[in-house]
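**Student:** One predicted model, sequence on top.
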Amino acid sequence: MATRYTPAAMLDRLVSFPTISHLSNLDLIGFVEDYLAEHGIASERVPDATGEKAALFATIGPKTDGGIVLSAHTDVVPVEGQNWSSDPFKLREAGGKLYGRGTADMKGFAATVLAHVPEMVAADLKKPIHIALSYDEEVGCFGAPPMIERMLAEGPKPSAVIVGEPTNMKVVTGHKGVIVLNTRIHGHPVHSSQLDRGVSAISVAARLISWMDARTSENKANAAPDCPFNPPYTTLHCGTIRGGSAHNITAAECEFVTDIRLLPQETGAGWLARYLDFIRTEVEPDMQAIFENCRIEVTQTADVPGLAPETDGPAEALARNLTGDNGTHVVVYATEGGQFQERGLSTIVCGPGSIDQGHQVDEFIEISEIEKCSAFLDRLCSKLS
């Protein structure tokens, strides 16, 4: 007989897999494959280049266009340096809450979806339900795009995507995008008493970071009064920096990492072009006038598109019908939703739990949130039957 799980029992299994982004997620993927196979559901892996990670998708119901994708990422953030009250990879229930790494972000949604597979199989679905599980969302949303391409190539084409990031089951129709840049400056070291003969990579970094701060201030001053995001403008932020070797030597090297949190109507490519133009036309010429081998290297390590509210989008209409939520909700964090939407799929974000608990010590999800998500999935099955 095929194994059945309650959402909490399934969450216990998923949490037990330490799928931190720098580790493999294949044990979790193998478990899900076997579980789906027990219920007669074929699934398909989409491995990464290393073969150490994989996305997975499966279709329940008829192989026809117009189905619904339920999407979740399988990776979680690290627990190092966090003082947990209990083992973060062993589910613990207390006070109406389920504690464990990934419970809120976002194994709670994945577990509830997987626990409902028997009901999905038993339902007389007229349109399919697609389950999509990705990897490496937490480090740049790298796992979803290859999976989306494979899903679209093999068909059938869905009509709506629900990304189950934690929104307290509110219907989120928009989020910001993010581009992550690594900037490495190669200066020219001299004794600091001969400062005019050197090029301090740290000073150049300060100039570039100041340019970014100025753009943020400019964006703030020009923010549209009706923009729903908080803050209602694109932000440019330096998160880490390192460089230099001694107080009396102009720094030969400096490296810093920035992220740009974009309004959905803007693109990472557009901001990267502005940044590179400033570097090539204004900063590098000043450096190379002193020492010709000075240069600046910029590497893009992530580019996640925002999710824009849709006009008469089928995903929004469906989610509002299933939740009864008619409010306007957007978030400033990025999700894989923009990647689905970028490929022409109507997409919203709606899932159990609160993002306030994501990445935190003693991360938890309230059992009442799991129950709301379960009811949501029951209504989805009924609507598609």
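**Tutor:** Received the coordinates, thanks. As the structure is a computational prediction, the values presented were derived from the model and not from experiment.
**Student:** burial measure for Ala246, as a count.
**Tutor:** Residues lying near Ala246 (other Cβ atoms under 10 Å) number 10. Heads up, the C-betas are built off the backbone N, CA and C, glycines and all.
**Student:** do Ile296 as well
**Tutor:** If we define neighbours as other Cβ under 10 Å, then Ile296 has 20 of them.
**Student:** what residues are up against it?
**Tutor:** When contacts are counted by Cβ atoms under 8 Å, 6 or more residues apart in numbering, Ile296 touches Thr183, Arg184, Ile185, His186, Val204, Leu208, Ile279, Val283, Glu284, Met287.
**Student:** thinking the last one is in contact with Ala201, fair?
**Tutor:** No: because the distance of 9.0 Å does not satisfy Cβ atoms under 8 Å, Met287 is recorded as not touching Ala201.
**Student:** Between those two, which contacts overlap?
**Tutor:** Listed as contacting both Met287 and Ala201 by Cβ under 8 Å, 6+ apart are Gly187.
**Student:** Skipping adjacent residues, who's closest to Ile129 in space?
**Tutor:** Ile60 (4.8 Å; Cβ to Cβ, 6 or more residues apart in numbering).
**Student:** That neighbour and His130, how far apart?
**Tutor:** Applying Cβ to Cβ, to the nearest Å, the value for Ile60 to His130 is 8 Å.
**Student:** Which of these two has more residues huddled nearby?
**Tutor:** Neighbour comparison, Ile60 and His130: the larger count goes to Ile60, with 23 against 18 (by other Cβ under 10 Å).
**Student:** any idea how far Thr19 is from the more buried one?
**Tutor:** According to Cβ to Cβ, Ile60 and Thr19 sit 23 Å apart.
**Student:** Please apply the same query to His191.
**Tutor:** 50 Å.
**Student:** So which of these two has more stuff around it?
**Tutor:** Legend: neighbour count by other Cβ under 10 Å for His191 and Thr19, higher for Thr19 (25 against 12).
**Student:** Tell me the spacing between the more buried one and His116.
**Tutor:** With Cβ to Cβ as the criterion, Thr19 and His116 are 21 Å apart.
**Student:** Kindly report the same for Thr173.
**Tutor:** Taking Cβ to Cβ, one finds Thr173 at 24 Å from His116.
**Student:** can you map out the strands along the stretch 51-200 of the chain?
**Tutor:** For the stretch 51-200 of the chain, the strands defined by DSSP state E, counting those that start in this stretch occupy 54-60, 68-73, 92-94, 97-99, 129-134, 160-163, 172-175, 177-186.
**Student:** Any chance of those strands in CSV with distance to Val332 as columns?
**Tutor:** CSV is the format used below for those (distance: least, Cβ to Cβ, whole Å):
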stretch, distance to Val332
strand 54-60, 26
strand 68-73, 18
strand 92-94, 30
strand 97-99, 25
strand 129-134, 21
strand 160-163, 15
strand 172-175, 7
strand 177-186, 10
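**Student:** Mind listing the residues bridging to Ala58?
**Tutor:** Ser43, Ile131 (DSSP bridges).
**Student:** residue contacts, it?
**Tutor:** Leu36, Ile41, Ala42, Ser43, Glu44, His130, Ile131.
**Student:** let's see it at 10 Å
**Tutor:** Ala58 makes contact with 32-33, 36-37, 39, 41-44, 117, 128-133 under the criterion Cβ atoms under 10 Å, 6 or more residues apart in numbering.
**Student:** Show the buried residues in those residues.
**Tutor:** 32-33, 36, 39, 41, 43, 117, 128-133 (16 or more other Cβ atoms under 10 Å).
**Student:** what's the burial count for Leu223?
**Tutor:** Heads up, residue 223 is Ala, not Leu. There are 15 residues near Ala223, going by other Cβ under 10 Å.
**Student:** Could you do the one 5 residues further on as well?
**Tutor:** Residues contacting Pro228 under the criterion other Cβ under 10 Å number 13.
**Student:** now His247
**Tutor:** Neighbour count for His247, taken as other Cβ under 10 Å: 6.
**Student:** now Asp75
**Tutor:** 24.
**Student:** quick revisit: looking at the strands of the stretch 51-200 of the chain, which is nearest to Asp378?
**Tutor:** strand 129-134 (12.3 Å; Cβ to Cβ).
**Student:** quick one: average confidence on the closest one?
**Tutor:** What strand 129-134 shows for mean pLDDT is 98.
**Student:** if we can go back for a sec, what would the buried ones among the contacts of Ala58 look like in a markdown table with distance to Glu255?
**Tutor:** Shown next, in a markdown table, are these (distance: Cβ to Cβ, whole Å):
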| residue | distance to Glu255 |
| --- | --- |
| Val32 | 39 |
| Glu33 | 41 |
| Leu36 | 44 |
| His39 | 50 |
| Ile41 | 47 |
| Ser43 | 41 |
| Val117 | 47 |
| Pro128 | 47 |
| Ile129 | 46 |
| His130 | 41 |
| Ile131 | 40 |
| Ala132 | 36 |
| Leu133 | 34 |
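**Student:** Could you report the distance from the residue nearest in space to the middle of the chain to Leu98?
**Tutor:** Closest residue to the average C-alpha location of the chain: Thr335 at 3.7 Å, with Cα atoms, centre = their mean. For Thr335, the distance to Leu98 equals 22 Å [Cβ to Cβ].
**Student:** for Pro62, same thing?
**Tutor:** From Pro62 to Leu98 the distance is 34 Å (Cβ to Cβ).
**Student:** again, but for Arg207
**Tutor:** 49 Å.
**Student:** Then Thr173?
**Tutor:** 28 Å.
**Student:** Tell me the predicted confidence for Ser193.
**Tutor:** pLDDT, Ser193: 96.
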